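>>> what follows is a predicted structure for the sequence shown.
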There are 2 protein chains.
Amino acid sequence: MDADSIAQVRRFNRTVGERIGVLHDHFLGTDRPVGEARLLWEVGEEGRDVRRLRDRLGLDSGYVSRLLRSLERDGLVTVEPQRHDRRVRTVRLTAAGRKERALLDERSDELAELILTSLNEKQRARLTAAMSEVDRLLTAGTVSVEELDPRHPDSAACLQAYFDELGDRFEEGFDASLSLVPDAGELGPPHGVFVVARLHGEPVGCGGIQFHEGEPPYIKRMWVAKSARGLGLGRRLLAELEDHAVRSGARSVRLETNRELTEAITLYRSAGYEEVPAFNDEHYAHHWFEKRLHG
Amino acid sequence: MDADSIAQVRRFNRTVGERIGVLHDHFLGTDRPVGEARLLWEVGEEGRDVRRLRDRLGLDSGYVSRLLRSLERDGLVTVEPQRHDRRVRTVRLTAAGRKERALLDERSDELAELILTSLNEKQRARLTAAMSEVDRLLTAGTVSVEELDPRHPDSAACLQAYFDELGDRFEEGFDASLSLVPDAGELGPPHGVFVVARLHGEPVGCGGIQFHEGEPPYIKRMWVAKSARGLGLGRRLLAELEDHAVRSGARSVRLETNRELTEAITLYRSAGYEEVPAFNDEHYAHHWFEKRLHG
DNA sequence: GGCATTGCCTGACTAGAGTCAGAGAATGGA
DNA sequence: TCCATTCTCTGACTCTAGTCAGGCAATGCC
């Protein structure tokens, strides 16, 4: 890796650590220890299971428990067993907890303002643009992609979100049973591969590929969550699936898509896919693509 | 301040805090408490006075003292009274201390690499570019500009650095006594204003303005340290001085510069200065400028 | 029903980070 | 010379943050 890049990243780490890290803890930790504040924040408006809090913050189970007791004592949260599995417990904010959380929110805003006020209009615009870029790329770096059974709950969650989105975007709505490969299980072994992308443990994207004797592999159900767009994740998932195709010995891959899915069409074209005549009778398709693989 | 900008800064704070802040402490704090590591780093190769360490890190005097005792016990630093003022004590790294510091250095590199490895070539280039921008703008936000007596040690340090640089850049060298206003004191009250810019307490730029009865104020000795260039600091100092001119009731300001100082010339032009015939006989000048003030 | 597992909790710790009040030496100025 | 000030150090604390080992209840599987 080149030394200039490393030096730049280090300078960045240093500046940001000094200018933001320190202030951050100072700001948020005035009324309440940082640990509690982070936890309170992470509970969110909706409430969250204890184990998810633990995972998200990477803390010891005993420690989280103690923090929760403390928040509970202050009347900021309630902790009660989950309906279906009474071992799991769910944390929820009380009214006071919401108020406290809103306060943290305000503090974060103030910190952000503090950072911006010392700059003029033009510098501010440049700073936020650059921050957004850094933010996106750092986030992209934490996304992991792994093979998963298409029937795994996380896969199912992705597919459901995908279908819901198609239902919204297509004029005629979307009914998976009218589409090809209605049973996603067929995208898994032994004749397919399904991959899921995760960000902070949450599934945020998926895609599958199916192998057919004597014809090119067929890519299906490519999706990226709205919250994770702009990270180059679609491209990454696509590359991952193409990789499987190459390893299977295929010379090309095929897929089709709907005319409403313009980002997808753009992605496919820029990734080297070329439009070809319809090679199947997918009900929802308007465009069929094929890409020659050289691997 | 607009809400989008604030939201972006907050997202940034959060991502960076998670991705870098946490890792950072983890990485540096493996062998040694973070406090000690930071201190060890801040001592630097050259050594540093205890009070500067305190200022720089914003720590309690007793706490720093204790950290130093601990580093001393481990044979990493020596602390001895300063020659000229035996109350002040200077911290220096021992050979072992240097080694340990090099280790921290290496860790920082590893952290930087870790951040970069998950990205492809193109993303890496974009990330480092954006980081450098954020870095520069955040740093620019911490620069303070204040009026100071031109004979104050910090002013003198700026002027000396300026003269040294001119000596290097001018073919014929530079001798302040051949230049106009050889005594910088004249740039201070009652007939002038001298401003000094500081970054983390260090003087990194200066500039003066002198008022003459019946003619436009005269700007002189504008300088920005190499380490602080690219932060828009020159423009800021210039604006500051012009502000004083406006407040004094002046309708325009004047200055002159040498043909070697191309950045300065660019700055003056872009700040609205127009070249005019020589209005004085400054030995080192090739270009004379004037700007009309509307305030 | 028996038994391993899961999920959370408590008790008992340790170490780090930081504060506060003074003590004591060196310095500078009247 | 005396006195206020500056600078650093020590002792005595407090509070967070985090770890580790076990314990208890609910659950799932045979």
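Looks like it arrived, so ask away.

>>> quick one: residue A:285 and DNA strand C, what's the gap?
Plainly put, residue A:285 is 41 Å away from DNA strand C if you go by C-beta to the nearest atom of the strand, to the nearest Å. Placement of C-beta: from N, CA and C, glycine included.

>>> residues of the stretch 1-150 of chain A that sit close to DNA strand C?
For the stretch 1-150 of chain A, the residues in contact with DNA strand C (C-beta under 7 Å from any atom of the strand) are A:49-51, A:54, A:61-62, A:64-66, A:68-69, A:79, A:85, A:87-89.

>>> filter those by proximity to DNA strand D?
Answer for these near DNA strand D (C-beta under 7 Å from any atom of the strand): A:61, A:62, A:66, A:85, A:87.

>>> if we can go back for a sec, out of the residues of the stretch 1-150 of chain A next to DNA strand C, flag the one nearest to DNA strand D.
DNA strand D lies nearest to residue A:62 out of those, by C-beta to the nearest atom of the strand, at 2.9 Å.

>>> so which strand or helix has the closest one?
Taking DSSP states H and E as the definition, residue A:62 sits inside helix A:61-73.

>>> which residue does the stretch 151-295 of chain A have closest to chain B?
residue A:232 (6.8 Å; C-beta to the nearest C-beta).

>>> neighbours around the nearest residue to that residue once chain neighbours are set aside, how many?
Using C-beta to C-beta, 6 or more residues apart in numbering or on different chains and skipping residues adjacent in sequence, the residue nearest residue A:232 is residue A:140, 5.8 Å away. Neighbours of residue A:140 under the rule other C-beta atoms under 10 Å in any protein chain shown: 20.

>>> doesn't residue A:231 make contact with residue A:140?
Yes - between residue A:140 and residue A:231 there is a contact under C-beta atoms under 8 Å: 4.0 Å.

>>> restricted to buried residues, select the residues of the stretch 1-150 of chain A next to DNA strand C in PyMOL.
The buried subset of these, as determined by 16 or more other C-beta atoms under 10 Å in any protein chain shown, is captured in PyMOL by this line:
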select buried, chain A and resi 50+54+64+68+79
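
>>> and the residues of the stretch 1-150 of chain A next to DNA strand C, which is closest to chain B?
residue A:54 (15.4 Å).

>>> if we can go back for a sec, tell me which helix or strand comes right after whichever strand or helix holds the residue nearest to residue A:232.
Element membership for residue A:140, per DSSP H and E: helix A:121-142. Scanning forward in sequence from helix A:121-142 by DSSP H and E, the next helix or strand is strand A:144-147.

>>> so what touches that following strand?
A:193, A:194, A:195, A:196, A:197, A:198, A:205, A:236, A:237, A:240 (C-beta atoms under 8 Å, 6 or more residues apart in numbering or on different chains).

>>> now do the contacts for the last one.
Contacts were defined as C-beta under 8 Å, 6+ apart; by that measure residue A:240 touches A:145, A:195, A:207.

>>> excluding its backbone neighbours, what's nearest the first one?
Which is residue A:145. residue A:197 (4.8 Å).

>>> how's chain A carved up into domains?
Following automatic domain parsing, chain A resolves into domains at A:3-118, A:144-292.

>>> and the pLDDT for residue A:12?
As summarised for this prediction, residue A:12 has a pLDDT of 86.

>>> and it, what are its phi and psi?
phi -60, psi -50 (degrees, to the nearest 10).

>>> burial measure for the closest residue to it other than its chain neighbours, as a count.
Spatial nearest neighbour of residue A:12, chain neighbours left out: residue B:131 (3.9 Å); criterion: C-beta to C-beta, 6+ apart. Residues lying near residue B:131 (other C-beta under 10 Å) number 28.

>>> would you mind measuring from residue A:167 to DNA strand D?
31 Å.

>>> tell me who's in contact with that residue.
So residue A:167 contacts A:173, A:174 (C-beta under 8 Å, 6+ apart).

>>> same question for residue A:111.
Here residue A:111 is in contact with A:20, A:23, A:24, A:27, B:9, B:10, B:13 (C-beta under 8 Å, 6+ apart).

>>> can you select the buried ones from the residues you listed in ChimeraX?
Per 16+ other C-beta under 10 Å, the buried members of the contacts of residue A:111 correspond to this ChimeraX selection:
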select /A:20,24,27 /B:9,10,13
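
>>> go back to the contacts of residue A:111 and keep what's next to DNA strand D.
Of those, not one also sits near DNA strand D (C-beta under 7 Å from any atom of the strand).

>>> of the contacts of residue A:111, which belong to helices?
A:23, A:24, A:27, B:9, B:10, B:13 (DSSP state H).

>>> before we move on, the earlier item: list the helices and strands the helix holding residue A:140 packs on?
On a contact count with 3 or more C-beta pairs under 8 Å, 6 or more residues apart in numbering or on different chains; DSSP states H and E, helix A:121-142 meets helix A:95-117, helix B:3-16, helix B:121-142.

>>> again, 7 Å this time
helix B:3-16, helix B:121-142 (3 or more C-beta pairs under 7 Å, 6 or more residues apart in numbering or on different chains; DSSP states H and E).

>>> so residue A:50 is in contact with residue A:89, correct?
Yes - with contacts counted by C-beta atoms under 7 Å, residue A:50 reaches residue A:89, the gap being 5.0 Å.

>>> okay, now residue A:205: neighbour count?
Neighbour number of residue A:205 under other C-beta under 10 Å is 25.

>>> what helix or strand does the closest residue to residue A:61 other than its chain neighbours sit in?
Nearest residue to residue A:61 in three dimensions, chain neighbours excluded: residue A:54, at 5.9 Å (C-beta to C-beta, 6+ apart). Element membership of residue A:54 [criterion: DSSP H and E] is helix A:50-57.

>>> could I get the full set of helices for the stretch 151-295 of chain A?
A:153-169, A:233-247, A:262-270 (DSSP state H, counting those that start in this stretch).

>>> return the most buried member of those helices.
helix A:233-247 (a mean of 19; mean count of other C-beta atoms under 10 Å in any protein chain shown).
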